[in-house]
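*Asks:* Predicted coordinates and the sequence they were generated for:
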Amino acid sequence: MSERSNSGGTETLPQAVTPLQAAVSAFRKSIDPYSMMTSQLDAQLAWLKHPQDVMRAADEFTADMMALYTHAVRRTLGLPADEVYVSNPADARFAAPVWTESAPWDILKEWYLTVSSRMQKLSLEAPGLSEHERHRAAFWQRNFLNMLAPNNFFWLNPQAIDQYTKTQGESLRKGLKNFARDVEAKNILMVEPDAFTVGKDLGTTPGKVIFRNRLVELIHYAPTTDQVRAMPILIVTPWINKFYILDLTEKKSLVKYLTDQGFSVFISSWKNPPQEMHDVRFDDYLTEGVSELVRVTTEFCKVPQLHLVGYCIGGTLAATYMAWANKRYGADKSPVAHWTLFTSLTDFSQPGEINIFIDEACLDALDELMAKKGYLDGNEMAASFRLLRSNSLIWNYWVSSYLLGEKLPPFDVLFWNVDATRMPQAMHSYYLRQMYLHNNLIKPDALTIGGESIDLGRIHQPLYAVTAEEDHIAPWKSCYQVRQYVHPDAPVRFVRSTSGHILGIVNPPVNPPKRAYWVAEPTHLEDAEQWLARADKKPGTWWDDWATWLHQRTGEMVKAYATTSRKYPALADAPGTYVMEK
């Protein structure tokens, strides 16, 4: 920026745009809106503007090359040699013993890992760029480097070569067949499309659809106990995916667990919106969605209040509804007595790796894409999330399906994951801009939704919040921030489970325990690290702790509610009709 003086003071003038900057800006807007290429150019230009930093980086790169040369010589001579790059234990690409035991394969692995690690470091340390720009450059570079990993190529993958030899070429023939299958599907498949049938294999807990409007079906599950707690539980599921992740199989079903514990359970099943619903707004999901579900559930059970649960974006909506209801009805007359969040963001300032897609240029490009169809296709969204974990969600299947010729595993969570849904244009554009880009949900009265200004500080009701240690979609520390924004006097019990966004929640009790969780009740002024330092770590699942918490707050035991009523008769058997829409 430059300045000039005038009689009114100092006037700030915009900095002149160079021809190169103008060309890059035009290229990005028209051809590269997600900065796949321009982010790399930005990082390279940043380094060229700082020659002293370039010299330091060159010295570090030279040291790497010398270490690799020494390692290669020692391995070639049969001498012991330390790894130049210490692999991440979570990186399974080179876990096979041959990558360590065989000198040639070990040398190839070390060169790839060391060079790619150094290139990532250069992107993340590019001088003069913002943190967002550096992470965006590193993200696209990492995906390019992941694609070039030697194990992705037949002649550079010792396991693929060995499998070819053992099967006399049959593995490669099957791999080509799998490749043709995926070409036809226009996707690298993770599970066969007919591996499961919803309503037969998944989503099988008995129940009835008792309410339906243009946006959502409400399912009431049949009781499995003679008596239930008087206060029902209403679960608001994410509409980014289908609801049956919480009713996956009999042993993994959170719904069945709750009914077996003596709770009356209702759940949302959102419609998969067609093009005609392009103008459905976030407001509509609140007023026609969660607000209507709350009304119907309390009317059905003839009770003044219920317990509300929200998962992922369903939790963001639940938090918005809680602020909305406290404004509209007042805290004393709210139809929700207390609530639970599963891996849900309210503060979007640190939303995880998805942030690389959040800026004006990316969202403008996404708006143009949605304008053509009226929605964002679920497969397009799924592709973005797969890029966040490309080694495990893309290249792992490239290797197993094409190079090794293996069958796709019938994994229920993966089947649910690819059972994609669409996002209405108006809702999704609003959500990405107001929540992710501008982070307006945490700003008191910055948003007006459903006719009410939204202030999370109005929420007084007790909260049970569950997060996941390895969640890259809703990072646990970001989810923790809800403690800072609800009313200071609101009681909060906070949990961090092991595992990630899905398996941290789909976490049934097993013996011996597979997972663990940390639990404590944070104070309003306590940050995430302070909370974690004093939280109790317990083996097993948080489900039992949550059930105890719910039993203490959901009223007396009463005769189990019938699955349907005269006012709300069965419209369909669970899992309903909306969940079947493709």
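*Replies:* Everything's here; your move.
*Asks:* Which stretches in the stretch 451-582 of the chain count as strands?
*Replies:* Using DSSP state E, counting those that start in this stretch, the strands of the stretch 451-582 of the chain run over residues 452-454, 463-468, 492-497, 516-520, 536-539, 557-559, 572-573.
*Asks:* Excluding covalently adjacent residues, which one is nearest to Trp47?
*Replies:* Leaving out its chain neighbours, the residue that sits closest to Trp47 by CB to CB, 6 or more residues apart in numbering is Val54, at 5.5 Å. Just so you know, the C-beta spots here come from the backbone N, C-alpha and C atoms, and that holds for glycine as well.
*Asks:* Might you calculate how far the helix or strand containing the one you found sits from the centre of the chain?
*Replies:* According to DSSP states H and E, Val54 maps onto helix 51-76. Centroid separation between helix 51-76 and its chain, computed with CA atoms, centre = their mean, to the nearest Å, is 37 Å.
*Asks:* Give me the buried positions along that helix.
*Replies:* Counting neighbours by 16 or more other CB atoms under 10 Å, one finds that the buried residues in helix 51-76 are 53, 57, 61, 64, 67-68, 71-72, 75.
*Asks:* so Val209, which of the three states?
*Replies:* Assigned by DSSP: H, G, I helix; E, B strand; the rest coil, the conformation of Val209 is strand.
*Asks:* re earlier: how close does the residue nearest to Trp47 sit to Trp140?
*Replies:* Relative to Trp140, Val54 is positioned 21 Å away (criterion: CB to CB, to the nearest Å).
*Asks:* Pretty sure Gln44 is one of the things the residue nearest to Trp47 touches, is it not?
*Replies:* No. Contact between Val54 and Gln44 fails when scored by CB atoms under 8 Å: they sit 10.4 Å apart.
*Asks:* mind listing what Glu406 touches?
*Replies:* 174, 400 (CB atoms under 8 Å, 6 or more residues apart in numbering).
*Asks:* so where is the stretch 1-150 of the chain shaky, pLDDT-wise?
*Replies:* Where the stretch 1-150 of the chain drops to pLDDT under 70, the residues are 1-30.
*Asks:* Hmm, Leu218 and Arg212 touching each other?
*Replies:* Yes. With contact defined as CB under 8 Å, Arg212 and Leu218 form a contacting pair (7.4 Å).
*Asks:* ok, those two, which is more surrounded?
*Replies:* Between Arg212 and Leu218, counted using other CB atoms under 10 Å, Leu218 has the larger neighbour count: 24 against 16.
*Asks:* what's the nearest residue to that one if we skip its chain neighbours?
*Replies:* Excluding its sequence neighbours, the residue lying closest to Leu218 (CB to CB, 6+ apart) is Phe211, at 4.0 Å.
*Asks:* residues in contact with the one you found?
*Replies:* Phe211 sits in contact with 217-218, 292-293, 296, 568, 571, where contact means CB under 8 Å, 6+ apart.
*Asks:* Mind checking which of the residues you listed are buried?
*Replies:* For the contacts of Phe211, a neighbour count by 16+ other CB under 10 Å gives the buried set as 217-218, 292-293, 296, 568, 571.
*Asks:* Mind checking which of these are in helices?
*Replies:* Judged by DSSP state H, the buried ones among the contacts of Phe211 include 292-293, 296 as members of helices.
*Asks:* so what's the residue nearest the centre of the chain closest to, chain neighbours aside?
*Replies:* With distances taken as CA atoms, centre = their mean, Ile473 lies nearest the centre of the chain, 3.0 Å away. Nearest residue to Ile473, sequence neighbours excluded (CB to CB, 6+ apart): His501, at 4.6 Å.
*Asks:* Helix or strand: which one has Ile107?
*Replies:* Using DSSP H and E, Ile107 falls in helix 103-124.
*Asks:* pull the CA atoms of stretch 532-542 into PDB?
*Replies:* What follows is stretch 532-542, C-alpha atoms only, in PDB (Å, rounded to 0.1, in the frame of the first residue of the first chain):
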ATOM      1  CA  LEU A 532      -7.700 -32.400  29.000                       C
ATOM      2  CA  ALA A 533      -4.900 -32.100  31.600                       C
ATOM      3  CA  ARG A 534      -7.400 -32.900  34.400                       C
ATOM      4  CA  ALA A 535     -10.000 -35.000  32.600                       C
ATOM      5  CA  ASP A 536     -10.400 -38.600  33.600                       C
ATOM      6  CA  LYS A 537      -9.400 -41.200  31.000                       C
ATOM      7  CA  LYS A 538     -11.600 -44.200  31.100                       C
ATOM      8  CA  PRO A 539     -11.500 -47.500  29.100                       C
ATOM      9  CA  GLY A 540     -14.300 -48.400  26.800                       C
ATOM     10  CA  THR A 541     -17.000 -46.300  25.300                       C
ATOM     11  CA  TRP A 542     -18.600 -43.100  26.400                       C
END
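*Asks:* Which residues are in contact with the residue lying closest to Ala474 once chain neighbours are set aside?
*Replies:* Once flanking residues are discounted, Ala474 sits nearest to Thr343: 4.5 Å by CB to CB, 6+ apart. Contacts for Thr343 (CB under 8 Å, 6+ apart) come out as 311-312, 315, 466-468, 471, 473-474, 476, 479, 501, 504-505.
*Asks:* Now, these that are in helices?
*Replies:* 315, 476, 479.
*Asks:* gap between the residue nearest to Arg328 when sequence neighbours are not counted and Ala426?
*Replies:* Distance criterion CB to CB, 6+ apart; nearest residue to Arg328, sequence neighbours excluded, is Glu452 at 5.4 Å. Computed as CB to CB, the Glu452 to Ala426 distance reads 19 Å.
*Asks:* cool, Cys301 as well?
*Replies:* To Ala426, Cys301 is 33 Å away according to CB to CB.
*Asks:* ok, now Lys514?
*Replies:* From Lys514 across to Ala426, the span is 42 Å (CB to CB).
*Asks:* do Tyr464 as well
*Replies:* From Tyr464 to Ala426 the distance is 32 Å (CB to CB).
*Asks:* More neighbours: these two, which one.
*Replies:* The neighbour comparison of Tyr464 against Ala426 (other CB under 10 Å) goes to Tyr464, with 24 against 19.
*Asks:* Tell me the bridge partners for the more buried one.
*Replies:* Applying DSSP bridges to Tyr464 yields these beta-bridge partners: Thr340, Arg493.
*Asks:* So it sits against Ala490, correct?
*Replies:* No. Tyr464 is not in contact with Ala490 according to CB under 8 Å; the separation is 11.4 Å.
*Asks:* Output stretch 197-211 in CSV, but only the C-alpha positions, please.
*Replies:* C-alpha atoms of stretch 197-211 as CSV (Å, rounded to 0.1, in the frame of the first residue of the first chain):
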residue,chain,number,x,y,z
THR,A,197,-29.3,-53.3,1.4
VAL,A,198,-30.7,-50.6,3.6
GLY,A,199,-33.6,-51.9,5.6
LYS,A,200,-32.4,-55.5,5.2
ASP,A,201,-28.7,-55.4,6.3
LEU,A,202,-28.5,-51.8,7.6
GLY,A,203,-31.0,-49.6,9.4
THR,A,204,-32.9,-52.5,10.7
THR,A,205,-34.1,-51.4,14.1
PRO,A,206,-38.0,-51.7,14.1
GLY,A,207,-39.9,-48.5,14.1
LYS,A,208,-42.4,-46.4,12.2
VAL,A,209,-42.3,-43.1,10.2
ILE,A,210,-44.9,-41.0,12.1
PHE,A,211,-44.4,-37.6,10.4
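*Asks:* List the buried residues of that stretch.
*Replies:* Neighbour-count burial for stretch 197-211 [16+ other CB under 10 Å]: 198, 202-205, 207-211.
*Asks:* again, but for stretch 489-499
*Replies:* So stretch 489-499, judged by 16+ other CB under 10 Å, has buried residues 490, 492-499.
*Asks:* For the stretch 301-450 of the chain, which segments are assigned as helices?
*Replies:* For the stretch 301-450 of the chain, helices defined by DSSP state H, counting those that start in this stretch occupy the ranges 313-328, 360-373, 378-388, 390, 396-398, 412-418, 425-430.
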